[in-house]
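> The following comprises the amino acid sequence and a computationally predicted model.
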Amino acid sequence: MPIRIPDALPATAELESENIFVMTEFRALHQDIRPLRVLILNLMPTKIATETQIMRKLSNTPLQVEVELLRTRTHEATHVSKNHLETFYRTFDDVRDEHYDGLIITGAPVEQMPFEEVDYWPELCDIMAWSTTHVHSTLHICWGAQAGLYYHYGIQKHDLPAKASGVFEHVLVKPSSPLVRGLDDRFFAVHSRNTEVRRSDVEAVPELEVIAESPQVGLYIVKSTDSRRFFVFGHPEYDRDTLKLEYERDVAAGLNPQVPENYFPDDDPTRPPLNRWRSQAQLLYTNWLNYYVYQTTPYDIERAGRD
């Protein structure tokens, strides 16, 4: 949240130059406040775990957020009960006439398939098209980020020679961005993917900008210059043991996976992993929710996505 100070205080300019959020008295007095409406399109098979992880990040803020869950109608989930889906999830037909302050599109374990071969791709395209006129700001995660860049900007994904799995050091390409306020100059983030989007392809699109990347595994954060769309290629929502569970699943399936890098102490999978990305992940969600949703969304929810 911002600090509120007198309009003409000399400290205002200096604090703003340090990328600290300052709100003048005039702006504070003229703000209209209401709960934020955030829709989560959960494409992960482990729906309960994913919804819990993301809502944990959205809840650690003084903002009041109304969260709704969305699922695809054209894909039948097999890792969660039908009763859970019918009780807590809506479909696109239920929400197509509504407006939201924020939309989160999760990753999905389909990254090695061409986009058009994913069974719910046409429905996802309809949702992404709808988001341009009915959602103020959209956060795309991992495969959701790759899908969003492909749909909106025609940027293709590329296979990696080996899976990027682990906790990697990252650097800020644009440290002045409010999205990364509070992040260290070098920070850790989780990746778990077999494909990538190349920086050169992103930089060829004037409407996009790179915010953070890893020297080892490439792009981490990309956003549109109008701040309507955000693309995060890692999994900031992951719990401490999520990579461990993925690794053990692949071992049990006989896939002979590599041990996730920089995750287990001394790369020993028998030892409990350390969470070195929690603070970065929380700041990322909080900054998006505050600076790019709460501070800029119209008070009239029916104008979200239009103003």
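Arrived safely, thanks for sending.
> Would you mind listing where the stretch 1-150 of the chain has pLDDT under the threshold?
Confidence mapping of the stretch 1-150 of the chain against pLDDT under 70 gives the ranges 1-16, 18-32.
> Show me how far stretch 148-168 is from its chain's centre.
Stretch 148-168 sits 14 Å away from the centroid of its parent chain (CA atoms, centre = their mean, to the nearest Å).
> Export only the CA atoms of it, formatted as CSV.
Only the C-alpha atoms of stretch 148-168 are listed here, as CSV (Å, rounded to 0.1, in the frame of the first residue of the first chain):
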residue,chain,number,x,y,z
GLY,A,148,-1.1,-15.6,-24.0
LEU,A,149,2.0,-14.4,-25.9
TYR,A,150,1.1,-16.8,-28.8
TYR,A,151,-2.5,-15.7,-28.9
HIS,A,152,-2.1,-12.0,-28.5
TYR,A,153,1.2,-11.4,-30.2
GLY,A,154,1.9,-14.5,-32.4
ILE,A,155,5.1,-15.4,-30.4
GLN,A,156,5.9,-19.1,-30.6
LYS,A,157,7.4,-21.3,-27.8
HIS,A,158,10.4,-23.5,-28.4
ASP,A,159,11.5,-26.8,-26.9
LEU,A,160,14.4,-26.8,-24.4
PRO,A,161,17.2,-29.3,-24.7
ALA,A,162,16.4,-30.4,-21.1
LYS,A,163,13.7,-29.5,-18.7
ALA,A,164,14.2,-26.3,-16.7
SER,A,165,13.4,-27.5,-13.2
GLY,A,166,14.6,-25.9,-10.1
VAL,A,167,15.3,-22.7,-8.3
PHE,A,168,17.3,-20.2,-10.3
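> phi, psi of Q146?
Backbone torsions of Q146, given as degrees, to the nearest 10, read phi -70, psi -40.
> how close does it sit to H152?
Noted for Q146: a distance of 11 Å to H152, by CB to CB, to the nearest Å. (Glycine included, C-beta is placed from N, CA and C.)
> Looking at these two, which one has more neighbours?
The neighbour comparison of Q146 against H152 (other CB atoms under 10 Å) goes to Q146, with 25 against 21.
> wait, doesn't the more buried one sit right on F233?
Yes - in this structure, Q146 is within contact of F233 by CB atoms under 8 Å, at 7.4 Å.
> list residues touching both of these two?
Residues touching both Q146 and F233 (CB atoms under 8 Å, 6 or more residues apart in numbering): V197.
> what's the helix or strand for S165?
According to DSSP states H and E, S165 maps onto strand 158-172.
> Could you list every helix and strand that that strand packs against?
Under the contact definition 3 or more CB pairs under 8 Å, 6 or more residues apart in numbering; DSSP states H and E, strand 158-172 sits against strand 186-196, strand 208-214, helix 242-252.
> 7 Å instead?
Applying 3 or more CB pairs under 7 Å, 6 or more residues apart in numbering; DSSP states H and E, one finds that strand 158-172 makes contact with strand 186-196, strand 208-214.
> What are the buried residues along it?
Neighbour-count burial for strand 158-172, with 16 or more other CB atoms under 10 Å as criterion, is recorded at K163, A164, S165, G166, V167, F168, H170, L172.
> Ok, stretch 265-275 next?
Across stretch 265-275, burial judged by 16+ other CB under 10 Å covers P273.
> average model confidence for it?
The average pLDDT for stretch 265-275 rounds to 95.
> oh, and call the first residue 19 from now on, that's how I've got it
Taking 19 as the first residue, the last one we looked at is stretch 283-293.
> which residues of the chain fall in strands?
With DSSP state E as the criterion, the chain has strands at 21-23, 40-42, 54-59, 83-88, 107-108, 118-123, 153-159, 176-190, 204-214, 226-232, 236-242, 247-250.
> could I get the ones you listed as CSV with distance to E141?
Converted to CSV, the strands of the chain look like this (distance: least, CB to CB, whole Å):
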stretch, distance to E141
strand 21-23, 43
strand 40-42, 40
strand 54-59, 10
strand 83-88, 11
strand 107-108, 13
strand 118-123, 12
strand 153-159, 16
strand 176-190, 25
strand 204-214, 21
strand 226-232, 25
strand 236-242, 23
strand 247-250, 19
